[in-house]
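Visitor: Sequence and computational prediction follow.
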Amino acid sequence: MSEKFDSLEEHLEKFVENIRQLGIIVSDFQPSSQTGLNQKLNFMVTGLQDIDKCRQQLHDISVPLEVFEYIDQGRNPQLYTKECLERALAKNEQVKGKIDTMKKFKSLLIQELTKVFPEDMAKYKAIRGEDPPP
């Protein structure tokens, strides 16, 4: 999979460099540079075709819209991944806390129910396999 991304990155870098060179030719256009201009335009078309071929190989890749929002805001898209992981870790801690609280509640509830309903709780524990019946 990495090779596909590497190939796309290479084609994009070549395309960007070609566009940069095309901009230089156009900004200082001389009739003698027409041949170079035509050549760069042909390279641009070929570059777009190469990028399109890469697109077909990566058609099953989806990018969250938030990543594009990061890019539009001038932020590093890798920050999106970092922030997602931080949110996941925070949510994980929150859920872990709830699970621990529920386990403590269950333990206390069983203790109190055992005090009030010792016979019924003995049967319950026997069914659950926690304690053998008396």
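Guide: Received, thanks.

Visitor: And what about the residue most central in space within the chain, helix, strand or coil?
Guide: Among the residues of the chain, the one closest to the centroid is residue 81, at 5.6 Å (C-alpha atoms, centre = their mean). In terms of secondary structure, residue 81 is helix; the call rests on DSSP: H, G, I helix; E, B strand; the rest coil.

Visitor: Would you map out the domains in the protein?
Guide: Domain assignment for the chain by the TED database gives 1-61, 63-133.

Visitor: what are the ranges of the strands in the protein?
Guide: Assigned by DSSP state E, the strands in the chain number zero.

Visitor: pLDDT weak spots in it?
Guide: Residue ranges of the chain with pLDDT under 70: 1, 131-134.

Visitor: Please, where are all the helices along it?
Guide: Listed in chain order, the helices of the chain (DSSP state H) span 2-27, 34-57, 65-72, 78-116, 118-128.

Visitor: buried ones in stretch 33-46?
Guide: Taking 16 or more other C-beta atoms under 10 Å as the neighbour-count basis, stretch 33-46 is seen to contain the buried residues 40, 43. All C-beta atoms are positioned from the backbone trio N, CA, C, and that covers glycine.

Visitor: residues in contact with that stretch?
Guide: In this structure, residues lying in contact with stretch 33-46 by C-beta atoms under 8 Å, 6 or more residues apart in numbering are 15, 18-19, 21-22, 25-26, 29.

Visitor: switch to 6 Å and redo it
Guide: Residues outside stretch 33-46 that contact it (C-beta atoms under 6 Å, 6 or more residues apart in numbering) are 18, 21-22, 25.

Visitor: Stretch 15-23 too?
Guide: Contacts made with stretch 15-23 from outside it, assessed by C-beta under 6 Å, 6+ apart, are listed as 40, 43-44, 47.
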